[in-house]
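In: build me a model:
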Amino acid sequence: ADVATTPLRGAARADVAIIGGGFTGLWTAIRLQETAPALRVVLLEAETVGYGASGRNGGFCEASLTHGLANGIAHFPDEVRLLEAEGERNLAELVAFVREQAIDCDLEPTGTIRLADQPHQVAELRAWAEEAARWGQSLAFLDRDEVRAEIHSPIWHAGLRAGADQNVLVNPARLCWGLKRVAGERGVTIHEHTPVRRLERVAGGVRLHTAGGSSVTAAHAVVATSAYSGWLRRLRPTFVPVYDYALVSEPLTPEQATAIGWGGRQGLSDVNNQFHYFRRTADDRILWGGYDAVYYPGDGVGPRFDRNTETFTRLEAQFVRAFPQLDGLAFPYRWGGAIDTTTRFTVTFGRMLGGRVVYALGYTGLGVGATRWAAGILRDMLLRPDSELLRLRFVRSRPVPIPLEPLRWPAVAMMRHERDRADHEAGRRGLFLRTMDALGIGFDSWAGGGSPRRPPTDARSARCPRGGIRGRAATDAAAREPAGADRAFLSRGSEGS
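Out: Take a look at the predicted model:
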């Protein structure tokens, strides 16, 4: 059933008002209703549901809550086993929910393979498989012959396979639309094209003022606007919005599909700092994204950044390097999207206006699965203050703030330059990156949604594993591309996650 989502007009009241119609906002609405069905929940979205990163990412739905096990070990070694278990439980429940609610989002429990395309990465992958096993995570190391038998490409030297308990693939835009339907069926009121401009503390609650002059007065509010959270000054030091770009090809012919192997349809990514993520879509196209992660000065976000011709050209050339047998394959769909990255690469939570407003942001491109878990935390902050999960340092602590302009742009540029240099020097990290590692500070983005992080040479002693500006957003079409674009695994959609 379709859900009416007209813009808000006039004044409304609610028990909880949610700002942002991406994964975080939608899951929070659903989880609030699961716990307290009588709650009046109103969700306000500035554009359309799924407009931002939630509708544009690569569809890698990862179990990890900590942006990969290595990053969890680096930042939360005392809690990482619990967080890993929570993440696996969350993914299993997400998959069960999708099936129970008959959400048509092309869910594929294929797992993933992370790929080494440089010789020095082979030993690192082998060592990480052994280290991960000590933490209870099962990864299968694939040598050169094994990985090339799986994925026919001349550039792979090794791989690490993770199973469906760690990662599934989805069409994220369709997942957003399915969550929108379920939320509406459960009584959530959704208003699209209703941007919120200001929050005001009022007696007994908070009032949300929109750009169109309407308002919602609620006992509590949830901010779920991710990379679009610059409208709240308090949140600006918490994250950096970075853009990632992706391509989707024309459908493969049977001959082309045979030429590349990839019969397991796993989600794939290489393990460089500046990496690629790629997958086959439900209608057998190839989605290829990543490498560049672009910060636009002044925290730039918006439609004018959704296209980057230089990056698109680079991605096409890099694709042919990986799959020379597909030289000439056309990529009719291409787009970009903004991700919210933090210095520790993980979601962060907080309260404002005397606790009347709660927020979650900073998934750093790994939010397709983690947003559901984060929504449970936001629900607990409002309805279950005695929840054991609220006592976790992962939930209570905050990442190191990121300086604002004019320092932000040169700091991000320096980080990107040093990461790129490390990729071209056999992974050797210079003084700048080693210092950042020691401080537990990084800059990363990964919108593929899968486990992006390349393991450090010695994960047991590393303060912060090697990352890279990774990834991004993967579906941009519904409003700007032809009607068939959705079948091409596209959508234009707002992570409000």
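In: quick one, phi/psi of the residue of the chain positioned farthest from its centre?
Out: What lies farthest from the middle of the chain is residue 203; by CA atoms, centre = their mean that is 36.3 Å. The phi/psi pair for residue 203 (degrees, to the nearest 10) reads phi -60, psi 120.
In: also residue 150?
Out: Taking degrees, to the nearest 10 as the convention, residue 150 sits at phi -80, psi -50.
In: and it, what does it touch?
Out: By CB atoms under 8 Å, 6 or more residues apart in numbering, the residues touching residue 150 are 113, 142, 159, 261, 262, 263, 264, 266. Where C-beta positions appear, they are placed from N, C-alpha and C, glycine not excepted.
In: so which of those residues comes closest to residue 315?
Out: residue 262 (18.3 Å; CB to CB).
In: tell me, how many residues neighbour the closest one?
Out: Other residues lying near residue 262 total 21 when counted by other CB atoms under 10 Å.
In: touching, it and residue 278? I think so.
Out: No. Shown here, residue 262 and residue 278 do not form a contact pair, counting by CB atoms under 8 Å, at 9.5 Å.
In: need the overlap of contacts for these two.
Out: Among the neighbours of residue 262, those also in contact with residue 278 (CB under 8 Å, 6+ apart) are residue 268.
In: can you turn the buried part of the contacts of residue 150 into a PyMOL selection?
Out: Buried residues among these (16 or more other CB atoms under 10 Å), as a PyMOL selection:
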select buried, resi 113+142+159+262+266
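In: in a markdown table, list the contacts of residue 150 along with distance to residue 153, secondary structure and pLDDT.
Out: Listed next are the contacts of residue 150 as a markdown table, based on distance: CB to CB, whole Å; DSSP: H, G, I helix; E, B strand; the rest coil; pLDDT from 0 to 100:
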| residue | distance to residue 153 | secondary structure | pLDDT |
| --- | --- | --- | --- |
| 113 | 11 | strand | 98 |
| 142 | 13 | strand | 98 |
| 159 | 11 | strand | 98 |
| 261 | 8 | strand | 98 |
| 262 | 9 | coil | 98 |
| 263 | 14 | coil | 97 |
| 264 | 14 | coil | 97 |
| 266 | 13 | coil | 98 |
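In: for residue 319, state which of the contacts of residue 150 is nearest.
Out: After measuring the contacts of residue 150 against residue 319 - CB to CB - the closest member comes out as residue 262, at 13.6 Å.
In: show me the contacts for the closest one.
Out: Residues near residue 262 by CB under 8 Å, 6+ apart: 150, 151, 152, 268, 280.
In: now residue 238
Out: 229, 342, 348, 361, 362, 398, 399, 401, 402.
In: repeat that for residue 107.
Out: Residue 107 sits in contact with 95, 98, 99, 168, 169, 170, where contact means CB under 8 Å, 6+ apart.
In: from those, which land in strands?
Out: 168, 169 (DSSP state E).
In: contacting residues for residue 205?
Out: Counting by CB under 8 Å, 6+ apart, the residues that residue 205 touches are 217, 218, 219, 220, 356.
In: now these in TSV, with neighbour count, distance to residue 176 and secondary structure?
Out: Formatted as TSV, those follow (neighbours: other CB atoms under 10 Å; distance: CB to CB, whole Å; DSSP: H, G, I helix; E, B strand; the rest coil):
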residue	neighbour count	distance to residue 176	secondary structure
217	18	27	strand
218	24	23	strand
219	16	26	strand
220	23	23	strand
356	18	27	coil
